[in-house]
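1. Can you look at this prediction? I've put the sequence above it.
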Amino acid sequence: MEIKLFCPATIANLSCGFDVLGLCLDNAGDEMIVRKVEQKGVRITKIVGADLPLETEKNVSGVAAIAMLEAYERDFEPINFGFEIEIYKHIKAGSGIGSSAASSAGAVFGINELLGKPYSRKDLVQFAMQGEKLASGNAHADNVAPALLGGFTLVRSYAPLDIIRIDSPEELFATVVHPQIELKTSDARSVLKQTVSLKSAIMQWGNVGGLIAGLYTKDYDLIGRSLHDEIVEPLRSVLIPGFDLIKQTALENGALGSGISGSGPSIYALSRGKNTADQIAKAMSDVYENMNLPYEIHVSKINPDGVRVL
Ligand SMILES: N[C@@H](CCO)C(=O)O
């Protein structure tokens, strides 16, 4: 028995929500086949499109799958069969759109389906987070939560884990440009300071509240006003070629807001309507064409479903 999955890319942080906010993209992502087999354990049998380890304990999907199966045996019953995973990567590692999260979320979702759905999508987040821990040294949930739940997600608390899913306003679109350099999340985290000033914190939590209110009330201007990062962007943006110009170009072409996607180097913009999102994509492309910098670009509506069976 096997299933084929679409494992979506995601944008984490959304400027004001470092480690707590994320959204799910609709047309960028990986594919994965998860197969139930007689041999016990979890094996990664194929990885196409990326040079990633096949060893289960060194692969994010393997680690997430093992975390889930250990919990299953504790919560339910012993398992006398196993799983094989084939991964078809389209999201580049170190791109800032949740490459490791797509693999971790896909693995736990696929195995859960083949086990008869003992866990809810929300339950699966804690297992997928173990893949993120392997990838970046930190079990952040702001990519795996939207990859599993779709829409926007807020991690209200990590301990205990408390995740809130929020619908996206219909006309909201994302444009994401990925300058073709690799920026490891662990490196992008190493430039951060461990303390913030009260003044910055006040602005940041004001914006997080504003963004959540804007999503619930479908107030696009409020969403735009809230997409601002006092704390992380100033430290990380210097790692991204052309960041200031790309952001300024996005805003000049009608973006509600723009900033670093996850830990970068991808840069995202949110806009109202596909036409504006396309126009921003064209303008961002022109910037990197002029800089002679290779890039990939995506325009996507917000994916309401998260990982899905194909
Ligand atoms: N919140 C994480 C996301 C990584 O994709 C970070 O910014 O480090």
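-> Perfect, I can see it now.
2. In three-state terms, label residue 45 for me.
-> strand (DSSP: H, G, I helix; E, B strand; the rest coil).
3. when you give positions from now on, start the count at 39
-> Let's use 39 as the start, then, which means that last one is residue 83.
4. Now do the same contact list for it.
-> Residues in contact with residue 83 (CB atoms under 8 Å, 6 or more residues apart in numbering) are 92, 122, 123, 124. From N, CA and C alone the C-beta is placed, and that goes for glycine too.
5. what do you get if the cut-off is 10 Å, keeping everything else the same?
-> 71, 73, 75, 92, 121, 122, 123, 124, 125 (CB atoms under 10 Å, 6 or more residues apart in numbering).
6. And those, which is closest to the ligand?
-> Relative to the ligand, the closest of those is residue 125; by CB to the nearest ligand atom it sits at 18.3 Å.
7. Okay, and the beta partners of the closest one?
-> Residue 125 has these beta-bridge partners by DSSP bridges: residue 70, residue 85.
8. Check the gap between it and residue 101 for me.
-> Using CB to CB, to the nearest Å, residue 125 is found at 13 Å from residue 101.
9. Return the residues of the protein in contact with the ligand.
-> Residues of the chain lying close to the ligand by CB under 6 Å from any ligand atom are 50, 51, 56, 57, 178, 180, 181, 223, 226, 227, 300, 301.
10. Common neighbours of residue 125 and residue 101, please.
-> Residues touching both residue 125 and residue 101 comprise 141, 145, with contact defined as CB under 10 Å, 6+ apart.
11. show me where this protein has helices.
-> All helices of the chain, identified by DSSP state H, fall at 98-113, 137-152, 159-174, 182-187, 223-228, 236-255, 258-264, 271-274, 281-290, 312-328.
12. Can you give me the distance of the residue in the chain that the ligand sits nearest to to residue 179?
-> For the chain and the ligand, the shortest gap (CB to the nearest ligand atom) falls at residue 300, measuring 2.9 Å. Using CB to CB, residue 300 is found at 12 Å from residue 179.
13. which of the two has more neighbours?
-> residue 300 (29 against 24; other CB atoms under 10 Å).
14. ok, the more buried one touching residue 173?
-> No. With contacts counted by CB atoms under 10 Å, residue 300 stays clear of residue 173, the gap being 11.4 Å.
15. can you list the domain ranges for the chain.
-> 40-205, 210-339 (the TED database).
16. between those domains, which one is nearest to residue 347?
-> domain 40-205 (5.5 Å; CB to CB).
17. Which of the helices and strands in this structure ranks last by mean pLDDT?
-> Least confident helix or strand of the chain, by mean pLDDT, DSSP states H and E, is helix 223-228 with a mean of 93.
18. what comes into contact with it?
-> Contacts of helix 223-228 (CB under 10 Å, 6+ apart): 50, 57, 131-132, 134, 136-138, 170, 173-176, 178, 181, 222, 270, 273-274, 277-278, 298, 300-303.
19. List the buried residues of that helix.
-> By 16 or more other CB atoms under 10 Å, the buried positions in helix 223-228 come out as 223, 226, 227.
20. now those residues in CSV, with distance to residue 324?
-> Shown next, in CSV, are those (distance: CB to CB, whole Å):
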residue, distance to residue 324
223, 28
226, 26
227, 31
